[in-house]
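**Q** My questions concern the predicted model and sequence given below.
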Amino acid sequence: MSAHGMDRRRFLKLSGAAAATASAGIEGIIAARQAPAHAQGVTLNMVRWADFVPASDKLLREEVLPKAEKTLKATIKLETINANDIQPRITAAIEGGSGPDIIMTQHNWQHLYERGVVDVTDVAEKIAKGQGGFYKQSRDVAVSGGKFIAVPWSVVGLMIAYRKSWFAEEGATKFPTTWDDYRALGKKLKAKNRPIGQTMGHTFGDAPAFSYPYLWSWGGAEVDTKGTVVLNSKETVESVKFMTAFWKDAHDEGGLAWDDSNNNRAFLSGTICATLNGASIYIESLRKPDQYKTDKGEQMKTDILHSPLPKGPKGQFAYHVPFSHMVMKYGKNQKLAKDLLLWLGTKENFEPWFLSQKGFSVGPTTDWEKHPIWKDDPIMLPYKDAARLGRAPGFAGPPNAKAAEVQTKYIITDMYAKAIQGMAAEESVKWAEGELKKIYG
């Protein structure tokens, strides 16, 4: 059995194996002026998600990483893949004992692979020290046992993008503050074939970023502070009952099968009125203003606003998706991998990428809230300090490997999806409780 109560077969399926420490000696990289000594001809392989802001991947390939190659005297190969394919890729690499030297993760996934990654505390602490410190959520998901098992990279803020004019036609001059109000407005809009679009599928970002805060806003939680499963509560059942009615009244019911791109396309094509999303919808409308038009022929970018999720009976919460980079133990160039992450994380080298995101992702440290970019576009202002308000999966316990397994299996999302599809609310909660107990014990 592993430290988390998983047998070997189960652990490998979810995460992979093996642990490590890495070498130090990376002080000079912060200045990015002197290259460390690396063997000539060394190649470093890096896997990241295919960014929802394509300009950022282009920038990395054509400008940022070539500059890093000159500084580090090494070849850096970047591969981008669909975010839903990252975990299978990590598992295959760890099981096979070879693969990319650096792999991007999201959420708290790195806790599933802790025994197969390098301690990167020295890198992470140097980045945080010079930039106002990491956001709590970014630090929490990257730390285990007092050490960093991944280097925080960014946070994608999740807000509801909505059609300003359509809301105004129904008398809503601002976004609804409660779930009750949002349901009532959504019902009116759906009656005009303008439903809310929300995924409840097995997809990496928008589904958990909606279902977790929704649960918390009703007072539900996976576990208590001691790790005891407490999901099956009156509050959780009430949240499920409300969601089943809310879905039928106000949502595009095909959202059960959506991934993280379906809602983008639906919004930009004018078939939904609102959706929880990063700022990629708005950024795409800016990128192609003459392609995306409203039903009145106006540019879509002029009809988009952003808002946090509404309040529930127990408060208002959010889950903004943190991204990190792991250095893999099987890699033969661990020192070079750490040097690259420190180089990329310094302000002057991170800034071009940060600017290319236009607010879709923010830095993992608080100093990026002070950047002049936030004066450029008031539509993006809700994303500026969103990362301060984020909670991580596993609340009220820590975002550890058990919480990561629950998130990876979409148990909380499926609890709602099963009820939407017809299962009684009490039964869907009981099912989810059982799944959590298999993991937490």
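**A** Okay, I see it.

**Q** contacts and neighbour counts: CA atoms only from here.
**A** Fine.

**Q** how much space is there between the residue nearest to the spatial centre of the chain and V237?
**A** For the chain, the residue nearest the mean C-alpha position is V321 (2.4 Å; CA atoms, centre = their mean). Per CA to CA, to the nearest Å, V321 is found 26 Å from V237.

**Q** Same check on L389?
**A** 25 Å.

**Q** before we move on, back to that, ok, the residue nearest to the centre of the chain - contacts?
**A** Q106, H107, V155, V156, G157, L158, G205, A209 (CA atoms under 8 Å, 6 or more residues apart in numbering).

**Q** So what does it have for phi and psi?
**A** phi -80, psi 120 (degrees, to the nearest 10).

**Q** Mind pulling up the pLDDT for it?
**A** If you check V321, the pLDDT there is 93.

**Q** Now do the strands in the stretch 251-400 of the chain.
**A** Counting by DSSP state E, counting those that start in this stretch, the segments of the stretch 251-400 of the chain that form strands are 274-277, 304-307, 321-327, 361-362.

**Q** how about those in CSV, adding distance to A68?
**A** Converted to CSV, the strands of the stretch 251-400 of the chain look like this (distance: least, CA to CA, whole Å):
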stretch, distance to A68
strand 274-277, 32
strand 304-307, 35
strand 321-327, 16
strand 361-362, 21
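
**Q** Which one of those strands lies nearest to A396?
**A** Nearest of these to A396, taken as CA to CA: strand 321-327 at 17.6 Å.

**Q** next one: that closest one to chain centre, how far?
**A** 9 Å (CA atoms, centre = their mean, to the nearest Å).

**Q** in that strand, what's buried?
**A** Of the residues in strand 321-327, V321, P322, F323, S324, H325, M326, V327 count as buried by neighbour count, 16 or more other CA atoms under 10 Å.

**Q** Is the fourth one in contact with Q106, as I believe?
**A** Right, S324. Yes. Here S324 reaches Q106: they are 6.3 Å apart, a contact under CA atoms under 8 Å.

**Q** Check which helices and strands the helix or strand hosting Q87 is in contact with.
**A** Here Q87 sits within helix 86-96, counting by DSSP states H and E. Under the contact criterion of 3 or more CA pairs under 8 Å, 6 or more residues apart in numbering; DSSP states H and E, helix 86-96 touches helix 8-14, strand 102-106.

**Q** any idea of the mean pLDDT for it?
**A** Here the average pLDDT along helix 86-96 is 96.

**Q** quick one on the thing from earlier: got a winner among the contacts of V321 for most neighbours?
**A** Neighbours here mean other CA atoms under 10 Å. Within these, the largest count is held by L158, at 30 neighbours.

**Q** list the buried ones in stretch 222-240?
**A** Within stretch 222-240, the residues that count as buried by 16+ other CA under 10 Å are 222-223, 227, 229-233, 235-240.

**Q** and if you look at stretch 41-59?
**A** T43, L44, N45, M46, V47, R48, W49, D51, F52, V53, S56, D57.

**Q** Phi first, then psi, for the fourth one.
**A** What it means is M46. phi -130, psi 130.

**Q** do the first one as well
**A** As for T43, its main-chain torsions (degrees, to the nearest 10) stand at phi -120, psi 130.

**Q** Give me the domain ranges for the protein.
**A** The chain breaks down into these domains under automatic domain parsing: 8-156+320-381, 159-319+409-440.

**Q** mean pLDDT for the ones you listed: which is lowest?
**A** domain 8-156+320-381 (a mean of 88).

**Q** how far is that one from where the chain is centred?
**A** Distance, centroid of domain 8-156+320-381 to centroid of chain: 14 Å (CA atoms, centre = their mean).

**Q** same question, stretch 248-267
**A** 18 Å.

**Q** thinking again about what came up before, could you redo the buried residues of strand 321-327 as CSV and give each row distance to A403?
**A** Putting those into CSV (distance: CA to CA, whole Å) gives the following:
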residue, distance to A403
V321, 15
P322, 15
F323, 16
S324, 17
H325, 19
M326, 18
V327, 22
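
**Q** Identify the farthest-apart pair in these.
**A** Between any two of the buried residues of strand 321-327, the greatest separation by CA to CA is 19.9 Å, found for V321 and V327.

**Q** Return the set of buried residues in the helix or strand in which Q137 is found.
**A** Assigned by DSSP H and E, Q137 falls within helix 136-142. Judged by neighbour count (16+ other CA under 10 Å), helix 136-142 contains these buried residues: K136, Q137, S138, R139, D140, V141, A142.

**Q** possible to save the residues you listed as JSON lines with distance to F350?
**A** What follows is the buried residues of helix 136-142, written out as JSON lines (distance: CA to CA, whole Å):
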{"residue": "K136", "distance to F350": "20"}
{"residue": "Q137", "distance to F350": "20"}
{"residue": "S138", "distance to F350": "16"}
{"residue": "R139", "distance to F350": "18"}
{"residue": "D140", "distance to F350": "21"}
{"residue": "V141", "distance to F350": "21"}
{"residue": "A142", "distance to F350": "19"}
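
**Q** Which of those sits closest to G97?
**A** Nearest to G97 among these, with distances taken as CA to CA, is A142, at 22.4 Å.

**Q** before we move on, back to that, may I see the buried residues of the helix holding Q87?
**A** Going by neighbour count (16+ other CA under 10 Å), the buried part of helix 86-96 is I86, Q87, R89, I90, T91, A92, A93, I94, E95.

**Q** contacting residues around F148?
**A** D119, V120, T121, A124, A142.

**Q** same thing but at 10 Å, please
**A** Listed by CA atoms under 10 Å, 6 or more residues apart in numbering, the contact partners of F148 are 110, 114, 117-125, 139-142, 326.

**Q** got it, and H371?
**A** With CA under 10 Å, 6+ apart, H371 has these contacts: E351, F354, L355, K384.
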